[in-house]
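Peer 1: requesting a structural model of the entry that follows:
(one chain, ligands or ions: 2)
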Amino acid sequence: MAAAAMNMQTQSAKIRKDLRQTFRNKRLALSTAQQMKAGKQLVKQFQEHAVFQNAQNVALYLSFNGEINTQALIDHLWSLKRNVFVPILHPFCKGQLLFQAYTPNTKMRHNQLGILEPVLDVRYVCPLENLQLILTPLVAFDTSGNRLGMGGGFYDRTLVALQNKKHQATVAGLAHELQLTSTLPTETWDIPLPYILTSSKLYSFS
Ligand SMILES: Nc1nc2c(c(=O)[nH]1)N(C=O)[C@@H](CNc1ccc(C(=O)N[C@@H](CCC(=O)O)C(=O)O)cc1)CN2
Ligand SMILES: Nc1ncnc2c1ncn2[C@@H]1O[C@H](COP(=O)(O)OP(=O)(O)OP(=O)(O)O)[C@@H](O)[C@H]1O
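Peer 2: Ligands and ions are numbered 1, 2, ... in the order given. Below you'll find the model as predicted:
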């Protein structure tokens, strides 16, 4: 690669790294009470929008590091007898996620990134094409639906794989309102999100 192009790339990586730190700190500054409230309001918002209704198989995630609390939403989906799936780091395909069923009885463990995940049991892994709704975590989002994640590229890879499937799932990011910024720097592999749901509104990008 030419030196100038290399320099551009390292600069962009540094900007993304700094933005990650800034927005991770912002969401970590929320109190437990604020997190609980945001999690409950997220359920209200979820119930208000037609795009989220009727999905039987829903991919969600278990919140950490100040991410908007998803437990109330998971409880809500369980009460409706919907199936909830959460990500597992693929045991040998580095950077890939598997989505496995999550119930109150699922045996859990901490993965190498310190996040709780179900103990792998292939019987309960859901193929991407069987998911009707995928709700993704994010660190920051902008007014065009661009998403900045934790930096592993896990969801970017999932979203690419999804584009190649016949059955199109609805994909939406979940976030606190304070994770919104006007413009994020993007990379060639980034896939913008069509929807982002916060505790106060649904952002629709088309
Ligand atoms: N709740 C949740 N689950 C998720 C994600 C997420 O963003 N949120 N992911 C979305 O992709 C995947 C995990 N991605 C992650 C990427 C980096 C780090 C992280 O903490 N990195 C540390 C260094 C960790 C280490 O190497 O020990 C750091 O940045 O300080 C965590 C998760 C799958 N599961
Ligand atoms: N579709 C893809 N195929 C292969 N590598 C990818 C793909 N998408 C992203 N990557 C790689 O993953 C790394 C991290 O990407 P990026 O910084 O965009 O992660 P992120 O979106 O913040 O994280 P995440 O999606 O896990 O929340 C980059 O080095 C990139 O090259």
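Peer 1: where does the chain have low pLDDT?
Peer 2: For the chain, applying pLDDT under 70 flags the ranges 1, 5-6.
Peer 1: the longest strand in it is where?
Peer 2: Across the chain, the longest stretch assigned as strand under DSSP state E is strand 83-89.
Peer 1: can you list the residues of the protein near ligand 1?
Peer 2: Within the chain, the positions near ligand 1 by C-beta under 6 Å from any ligand atom are 61-64, 67, 87, 97, 113, 115, 137, 149-152, 154-155. C-beta here means a position set from N, CA and C on the backbone, and glycine is covered the same way.
Peer 1: give me that answer again for 5 Å
Peer 2: Within the chain, the positions near ligand 1 by C-beta under 5 Å from any ligand atom are 61, 64, 87, 113, 115, 137, 149-150, 152, 154.
Peer 1: so which of these is the most crowded?
Peer 2: Neighbour counts for the residues of the chain next to ligand 1, by other C-beta atoms under 10 Å, peak at P87, which reaches 25 neighbours.
Peer 1: my guess is that residue contacts E117. True?
Peer 2: Yes - when contacts are counted by C-beta atoms under 8 Å, P87 is listed as touching E117 (6.8 Å).
Peer 1: what sits against K44?
Peer 2: K44 makes no contacts at all, as judged by C-beta atoms under 8 Å, 6 or more residues apart in numbering.
Peer 1: export the helix or strand hosting it as CSV, just CAs?
Peer 2: Using DSSP states H and E, K44 falls within helix 32-48. Provided in CSV are the C-alpha atoms of helix 32-48 (Å, rounded to 0.1, in the frame of the first residue of the first chain):
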residue,chain,number,x,y,z
THR,A,32,-28.2,2.0,37.5
ALA,A,33,-31.5,3.8,37.9
GLN,A,34,-31.2,5.6,34.6
GLN,A,35,-30.3,2.2,32.9
MET,A,36,-33.3,0.5,34.4
LYS,A,37,-35.6,3.3,33.3
ALA,A,38,-34.1,3.3,29.8
GLY,A,39,-34.5,-0.5,29.5
LYS,A,40,-38.2,-0.2,30.5
GLN,A,41,-38.8,2.7,28.0
LEU,A,42,-37.2,0.6,25.3
VAL,A,43,-39.9,-2.0,25.7
LYS,A,44,-42.6,0.7,25.4
GLN,A,45,-40.9,1.9,22.2
PHE,A,46,-40.6,-1.6,20.9
GLN,A,47,-44.3,-2.2,21.4
GLU,A,48,-45.3,1.0,19.6
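Peer 1: what about it, distance to the chain center?
Peer 2: Averaging C-alpha positions (C-alpha atoms, centre = their mean, to the nearest Å) puts helix 32-48 16 Å from its chain's average.
Peer 1: quick check: what element follows it along the chain?
Peer 2: strand 57-59.
Peer 1: would you map the strands across the chain?
Peer 2: Ranges of strands in the chain, per DSSP E, are 57-59, 83-89, 97-101, 108-110, 116-118, 133-136, 140-142, 147-148, 170-174, 180-181, 195-197, 202-204.
Peer 1: need the contact partners of the longest one.
Peer 2: Translated: strand 83-89. So strand 83-89 is contacted by 56-62, 74, 77-78, 97-103, 111-113, 117-118, 120, 125-126, 131, 154 (C-beta under 8 Å, 6+ apart).
Peer 1: noted, bye for now.
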